[in-house]
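1. Provided below are the primary sequence and the corresponding predicted coordinates.
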Amino acid sequence: MVWINFNVLKWSAEEFGRNLDEIVLSTYSLGLAGFSEAFARSQHHFKSGAAGIEEQDVGSYLGWIEEEFRQRRAALSAMALSLLAREIYSFHEELLRAVKSRCVLQTQLARRSGLLRQIAEYRGYIAIEIEKGPNFETAREITLARNLALHPNGRSQREYREQTTQRLMDEANEMNFTPDLLIQFIEELKVYSTWLAATVSDNLPPSK
């Protein structure tokens with residue numbers, strides 16, 4: 001079978017968007033629905049059996065239930081961040097494979113890892129500054145937030161606070177998603193991936 005005018009880079013961007021919807025958003029939504037149902041059930045069962053308990057004790061226990069729900073949602077957010085960061089990294093690598101197959105490195109690269117290495121390689125192989133693309137800030141925030149969630153040290157905290165708008169910080173100054181923010185991030189990443197695929201496609205030399 002011959003595919004006429006099939007653009008594999010465009011397809012990669014479309015597949016990236018589908019993965020964000022079908023893997024990340026779906027997993028997060030199912031988890032949040034389960035946590036929310038369990039939270040509501042715990043509240044209901046406790047209130048139903050709380051007759052005769054001191055009002056202060058009732059309030060204290062309900063407060064503990066609410067804090068447990070917030071902590072579980074934070075853990076779910078960390079998982080979603082890891083999935084998002086993995087999808088971003090894989091998408092960048094997929095396009096870089098096409099770039100490296102046709103382009104020669106034009107400048108010496110410093111030893112870097114992760115997103116910083118990818119930024120340098122796009123610039124060094126094909127002269128594309130991906131950090132200037134639409135919504136690249138979203139990709140960077142997710143990557144740095146994932147690093148902070150998994151490695152909550154001083155360096156990760158500093159990088160996240162200094163290099164992002166901190167949209168993922170909740171009222172307790174901890175990493176957290178809301179469903180609406182996750183959907184917004186996904187839509188922003190789709191715009192970014194479409195731009196990057198088109199930009200790489202436009203700048204690739206013809207295959208030999």
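-> The structure has been received and is ready for your questions. Numbering: from 1, shown residues only.
2. find me the pLDDT at Q71, would you?
-> We note a pLDDT of 83 for Q71 in this prediction.
3. part of a helix, is it?
-> Yes. Counting by DSSP: H, G, I helix; E, B strand; the rest coil, one finds Q71 located in a helix.
4. now it: how far from D170?
-> 11 Å (C-beta to C-beta, to the nearest Å). In this view, the C-beta of every residue, glycine as well, is placed from N, C-alpha and C.
5. buried residues, the lowest-mean-pLDDT helix or strand in the chain. List them.
-> Lowest mean confidence among the helices and strands of the chain (mean pLDDT, DSSP states H and E): helix 26-48, at a mean of 82. Across helix 26-48, burial judged by 16 or more other C-beta atoms under 10 Å covers 28, 31-32, 35, 39, 42.
6. stretch 71-82 too?
-> Buried, per 16+ other C-beta under 10 Å, within stretch 71-82: 72-74, 76-82.
7. now do the same for the residue sitting nearest the centre point of the chain: its pLDDT.
-> What sits nearest the mean C-alpha location of the chain, by C-alpha atoms, centre = their mean, is L84, with 3.2 Å. Reading off the confidence values, L84 has pLDDT 96.
8. give the contact list for it.
-> Counting by C-beta atoms under 8 Å, 6 or more residues apart in numbering, L84 makes contact with 20, 24, 142, 146, 185, 189.
9. just the element for it, please.
-> Element membership of L84 [criterion: DSSP states H and E] is helix 55-102.
10. what angle do helix 26-48 and that helix make with each other?
-> Between helix 55-102 and helix 26-48, the angle comes out at 180 degrees (axes from the mean of the first three to the mean of the last three C-alpha atoms, to 10 degrees).
11. measure R70 to Y160 for me?
-> If you measure R70 against Y160 using C-beta to C-beta, the figure is 20 Å.
12. same question, A40
-> Distance of A40 to Y160, given as C-beta to C-beta: 32 Å.
13. got it, and E93?
-> Taking C-beta to C-beta, one finds E93 at 23 Å from Y160.
14. which of these two has more neighbours?
-> More neighbours surround Y160 than the other of E93 and Y160, with 23 against 11 (other C-beta atoms under 10 Å).
15. hang on, that one in a strand?
-> No. Assessed with three-state DSSP, Y160 is helix; it does not lie in a strand.
16. which ones are touching it?
-> Counting by C-beta under 8 Å, 6+ apart, Y160 makes contact with 141, 144-145, 147-148, 166.
17. PyMOL command for the buried members of the residues you listed?
-> Buried residues within these, by 16+ other C-beta under 10 Å, are selected in PyMOL with:
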select buried, resi 141+144+145+147+148
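18. pull the most distant pair out of the contacts of Y160.
-> Within the contacts of Y160, N147 and Q166 form the most distant pair, 14.0 Å apart (C-beta to C-beta).
19. next up, phi/psi of the nearest residue to Y192 once chain neighbours are set aside, please.
-> Distances taken as C-beta to C-beta, 6 or more residues apart in numbering place N135 nearest to Y192, at 4.2 Å, with adjacent residues excluded. Per-residue torsions, N135: phi 70, psi 20 (degrees, to the nearest 10).
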